[in-house]
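Engineer: Sequence first, predicted model second:
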Amino acid sequence: MAQDKKHILELHDEIKNWKSAVELIKEETSTLNKQLEDIASENNKEEVRAQIEHFQNQFIRQAEVNDILNHDLKQAEHRLAVLSAENPVASDHRLVDDDPNIRDEAETHIKLFTELKSEFNRFATEWL
């Protein structure tokens, strides 16, 4: 199956947007963790403890995936820089293979974090 082709600048903009989203997820995860700590310090009910552990595990996993994705995005950005440097005059118009894997990783990560944040906000509303 042939890969889609995109302009280098278009891919670079997408990678920049994904990197911004990853940074925002990192910051939001930190904020959510602080809220979770507040809930944990004020509640010792068994049902709350189970949910706290669930969210702690989810936030740890989010941070791990975030770090991996950030690394992958930096590599993709480096790849584009190398391609641009090979022919700087034509780089604005050059078509290169799109990487559907990194696109899927980024979009899935953002979607899953958005769902987790919504789930946590419902929980926090109940227990804060």
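Structural biologist: Structure's in. What do you need?

Engineer: Going by C-alpha atoms from here, please, whenever you check contacts or count neighbours.
Structural biologist: OK.

Engineer: Ala40 contacts Ile52, correct?
Structural biologist: Yes. Using Cα atoms under 8 Å, Ala40 is in contact with Ile52, at 6.8 Å.

Engineer: ok, residues contacting stretch 112-120?
Structural biologist: With Cα atoms under 8 Å, 6 or more residues apart in numbering as the contact definition, stretch 112-120 has outside contacts at 25, 32, 55, 58, 62.

Engineer: what sits against the last one?
Structural biologist: Remark: with contacts taken as Cα under 8 Å, 6+ apart, Gln62 is in contact with 29, 113.

Engineer: higher neighbour count, Ala40 and Ile52?
Structural biologist: Neighbour count, other Cα atoms under 10 Å: between Ala40 and Ile52, Ile52 has more, with 21 against 18.

Engineer: show me where pLDDT drops low in the chain?
Structural biologist: 1-3, 90-92 (pLDDT under 70).

Engineer: how about 80 then?
Structural biologist: Within the chain, the ranges that satisfy pLDDT under 80 run 1-3, 87-94, 128.

Engineer: Filter the contacts of stretch 112-120 down to the buried ones and express that as a PyMOL selection.
Structural biologist: Under the burial definition 16 or more other Cα atoms under 10 Å, those of the contacts of stretch 112-120 that qualify are selected in PyMOL by:
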select buried, resi 25+32+55+62
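
Engineer: Grab the two from the contacts of stretch 112-120 that are most spread out in space.
Structural biologist: Maximum pairwise distance among these (Cα to Cα): 14.8 Å, between Ile25 and Phe55.

Engineer: Could you check how many residues crowd around His109?
Structural biologist: 20.

Engineer: Could you check how far Phe55 is from Thr125?
Structural biologist: 14 Å (Cα to Cα, to the nearest Å).

Engineer: whoops, Arg94 was the one
Structural biologist: Arg94 is 50 Å from Thr125, by Cα to Cα.

Engineer: now the longest helix seen in the chain: how far from the chain's centre is it?
Structural biologist: Looking across the chain with DSSP state H, the single longest helix is helix 46-86. Distance of helix 46-86 from its chain centroid, counting by Cα atoms, centre = their mean, to the nearest Å, is 5 Å.
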